[in-house]
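no sequence for this one, just the structure:
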């Protein structure tokens with residue numbers, strides 16, 4: 001299977017796309033029992049837009065509700081929203097938060113150093129601001145960004161603009177605060193030590209942490225190459241190559257039996273009549289479009305701009321067996337409007353209608 005993906009991540013066989021779609025739980029009939037199971041399998045769900053992230057979980061699970069997603073985040077606290085891969089907000093398993101912060105925190109803080117200086121956040125100012133944030137959430141949290149900005153103004157941090165955000169984000173990258181429950185749709189922040197228990201045991205660090213991240217990545221994205229992992233993780237390509245397993249894929253430790261079976265069946269070049277249609281409505285900015293270096297491989301060439309119009313925008317898309325087949329938008333009252341790239345078989349049309357109805361159900365749940 002490795003021969004179907006080049007070193008820099010170019011896809012050379014459609015079977016690779018089918019295997020990846022199964023690994024991402026968006027094709028082959030693969031769905032999970034709940035939000036935690038989805039994230040355990042794909043490891044991370046992009047969550048700049050929390051509603052879109054929840055819709056991405058829905059597309060990969062059976063009968064998921066918005067209430068169940070909220071409970072996982074706010075009551076069971078089995079999922080956590082934070083800045084990890086590429087410095088972007090993701091949902092990750094709570095058990096992995098501490099080693100991910102150790103891996104990404106220093107890198108992302110270093111990368112943002114110039115921005116901190118531009119905002120007047122030198123080390124002296126930041127140390128005072130950090131103490132304000134930590135003390136405030138410990139004593140009065142959960143607190144929203146405006147509530148923290150009001151307190152930060154007392155130590156010289158301008159409440160308008162991006163300075164409060166960067167103070168909060170840096171405190172989160174240091175493992176001091178994290179996202180808490182939504183309040184009237186607005187994020188709040190809490191003390192990480194109060195929100196999550198300490199790690200249950202030894203945590204991977206250094207190259208061991210990168211190897212663990214590779215292992216999790218391959219489970220939810222394989223088959224893939226080091227260039228794919230570097231594009232997804234935001235880590236240097238050289239780091240990816242240094243720890244890359246000799247034989248990634250079916251023998252990758254921790255890969256579940258369903259994924260192994262999926263990958264064995266999808267041998268590149270195998271002559272088959274193709275899988276039955278599996279339709280999903282993926283939200284905007286879904287990880288399925290961001291998990292590899294070639295981010296247009298699953299989009300028909302004539303319709304790349306329909307899904308990725310430019311400026312970093314990624315539209316909500318309809319997929320059939322892991323390939324983009326249309327786009328969709330939410331209308332008022334939770335209804336969905338679908339625009340297919342081309343007319344398809346009656347069964348696909350019926351499945352699109354059913355998926356659209358399930359999105360509406362989810363939005364009202």
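Ah, there it is. Since we're looking at a predicted model, the values are computed, not measured.

so how far is residue 133 from residue 151?
Applying CB to CB, to the nearest Å, the value for residue 151 to residue 133 is 8 Å. C-betas here are computed from N, CA, C, even on glycine.

And for residue 219, the neighbour number?
Using other CB atoms under 10 Å, residue 219 has 19 other residues around it.

Local confidence estimate at it?
With respect to pLDDT, residue 219 scores 97.

What of residue 121?
Looking at residue 121, its pLDDT reads 95.

My read is that it contacts residue 156, right?
No: contact criterion CB atoms under 8 Å: residue 121 and residue 156 do not qualify, at 9.8 Å.

neighbour count winner among those two?
Neighbour totals were compared for residue 121 and residue 156, and residue 121 leads with 23 against 13 (other CB under 10 Å).

In a strand, the more buried one, correct?
No: counting by DSSP: H, G, I helix; E, B strand; the rest coil, residue 121 is not found in a strand; it is coil.

Identify the residues contacting it.
Residue 121 makes contacts with 129, 157, 163, 166-167, as judged by CB atoms under 8 Å, 6 or more residues apart in numbering.

pretty sure residue 281 contacts residue 355?
Yes: in terms of CB under 8 Å, residue 281 counts as a neighbour of residue 355; the distance is 4.7 Å.

mind checking how far residue 142 is from residue 136?
Look at residue 142 and residue 136: by CB to CB, they are 10 Å apart.

Can you show me the strands along the stretch 101-250 of the chain?
Under the criterion DSSP state E, counting those that start in this stretch, strands of the stretch 101-250 of the chain are mapped to 143-144, 177-179, 188-191.

export those to CSV and tack on distance to residue 59 and mean neighbour count?
Shown next, in CSV, are the strands of the stretch 101-250 of the chain (distance: least, CB to CB, whole Å; neighbours: other CB atoms under 10 Å):
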stretch, distance to residue 59, mean neighbour count
strand 143-144, 29, 20
strand 177-179, 22, 26
strand 188-191, 27, 20
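
Out of these, the one nearest residue 362 is which?
strand 177-179 (21.3 Å; CB to CB).

separation between residue 91 and residue 334?
Taking CB to CB, one finds residue 91 at 22 Å from residue 334.

What of residue 246?
49 Å.

More neighbours: the two, which one.
residue 334 (13 against 6).

what's the burial count for the closest residue in space to that one that isn't next to it in sequence?
With sequence-adjacent residues excluded and distances taken as CB to CB, 6 or more residues apart in numbering, residue 334 is closest to residue 363, at 4.0 Å. Look at residue 363: counted by other CB under 10 Å, it has 17 neighbours.

Check residue 54 too.
Close neighbours of residue 54, defined as other CB under 10 Å, add up to 24.

again, but for residue 306
Residues lying near residue 306 (other CB under 10 Å) number 16.

Quick check, it in contact with residue 316.
No: the pair residue 306 / residue 316 is not scored as a contact, 11.1 Å apart, by CB under 8 Å.

any common contacting residues for the two?
Shared contacts of residue 306 and residue 316 (CB under 8 Å, 6+ apart): residue 327.

Check the gap between residue 314 and residue 52 for me.
Per CB to CB, residue 314 is found 10 Å from residue 52.

Can you check which residues contact both of these two?
Counting by CB under 8 Å, 6+ apart, the residues touching both residue 314 and residue 52 are 284-286.

picking up where we left off before, pick out whichever of residue 151 and residue 133 has more residues nearby.
Just comparing residue 151 and residue 133: by other CB under 10 Å the higher neighbour count belongs to residue 133, 25 against 19.

Next up, the contacts around the more buried one.
So residue 133 contacts 148, 151-152, 167-168, 171, 176-177, 189 (CB under 8 Å, 6+ apart).
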